[in-house]
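**Student:** one predicted model, sequence on top.
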Amino acid sequence: MDLFVLESVTKIYKMDEVEVRALDGVSLTIKDGEFVAIMGPSGSGKSTIMHLLGCLDRPTLGKIFLEGLDLSQATDNQLAEIRNAKVGFVFQQFNLLPRESALRNVETPAIYARIKHAERLRRAKALLERVGLGDRLFHFPSQLSGGERQRVAIARALMNDPAIVLADEPTGNLDTKTGAEILALFEDLHKEGRTIVLVTHDRRVAEYASRVIHMQDGRIVKEESVP
């Protein structure tokens with residue numbers, strides 16, 4: 001089943017009265033349950049696609065459909081609801097709350113989803129145990145290694161049990177061994193039936209996906225299947 005369908009999507013940003021065409025007529029389909037990597041150099045448009053898929057932004061031209069819903073016509077409230085219920089985000093910089101514990105960071109998305117406190121705690125503890133941080137519940141981000149912080153970020157992304165996980169350079173700040181451990185977690189999430197879309201500039205990272213989309217100058221230049 002088609003999960004995302006992009007039809008001739010263009011995204012233009014205005015910077016100091018200069019128009020920057022981040023995406024230029026991109027058409028793309030991502031199927032439910034796929035593991036897709038989007039590759040390209042800096043400025044190729046790959047992160048812009050991620051923001052559009054995650055309902056963090058809207059296209060300037062063209063249409064984006066999620067399970068048949070036209071996101072380009074959705075209200076801000078609808079987009080916020082989709083982000084909260086369907087999508088989990090993992091970022092290169094972790095984006096953790098520095099003054100909150102690992103447990104509290106993981107719990108945060110469920111607060112916005114109005115899940116009761118006891119259930120939030122149960123889920124957050126279970127997720128931190130799942131990513132190997134059961135003994136780090138009350139540590140703050142500054143007390144954790146880069147790999148541990150990314151594990152907290154993945155646990156947080158899973159808090160509302162999303163069907164879609166979007167990851168933007170999730171191993172970019174990690175050493176090779178830790179990066180491989182994080183990618184193994186993504187493989188496990190994919191095996192559970194989640195759709196994974198991963199943005200990277202690293203070929204070794206992209207090879208964890210089943211399909212790689214290559215971007216350059218805001219356009220898709222090549223697609224390939226990974227054995």
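**Tutor:** Right, received. Where do you want to start?
**Student:** use CA for all of it now, contacts and neighbours both
**Tutor:** Will do.
**Student:** how far away is the closest residue in space to R21 that isn't next to it in sequence from H139?
**Tutor:** Leaving aside its sequence neighbours, R21 sits nearest to I12 (Cα to Cα, 6 or more residues apart in numbering; 4.4 Å). The gap separating I12 from H139 is 41 Å, by Cα to Cα, to the nearest Å.
**Student:** how far off centre is the helix or strand harbouring A155?
**Tutor:** Following DSSP states H and E, one finds A155 within helix 146-157. Its chain's average C-alpha position is 12 Å from that of helix 146-157, according to Cα atoms, centre = their mean, to the nearest Å.
**Student:** return the list of helices and strands in contact with it.
**Tutor:** Counting contacts by 3 or more Cα pairs under 8 Å, 6 or more residues apart in numbering; DSSP states H and E, helix 146-157 packs against strand 87-91, helix 102-112, helix 117-130, helix 176-191.
**Student:** thinking again about what came up before, and the residue nearest to R21, what does it touch?
**Tutor:** For I12, the contact set (Cα atoms under 8 Å, 6 or more residues apart in numbering) comprises 19-23, 59-60.
**Student:** ok, 7 Å please
**Tutor:** By Cα atoms under 7 Å, 6 or more residues apart in numbering, I12 lies in contact with 19-22, 60.
**Student:** ok, those vs Y208, which is closest?
**Tutor:** Of all the contacts of I12, Y208 sits closest to A22, with 26.0 Å by Cα to Cα.
**Student:** now whichever strand or helix holds the closest one: buried residues?
**Tutor:** Assigned by DSSP H and E, A22 belongs to strand 18-31. By neighbour count with 16 or more other Cα atoms under 10 Å, strand 18-31 contains the buried residues 21-27, 30.
**Student:** can I get the residues you listed in TSV including distance to L198 and pLDDT?
**Tutor:** Listed next are the buried residues of strand 18-31 as TSV, based on distance: Cα to Cα, whole Å; pLDDT from 0 to 100:
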residue	distance to L198	pLDDT
R21	22	92
A22	18	94
L23	17	96
D24	20	96
G25	21	95
V26	17	96
S27	18	97
I30	12	97
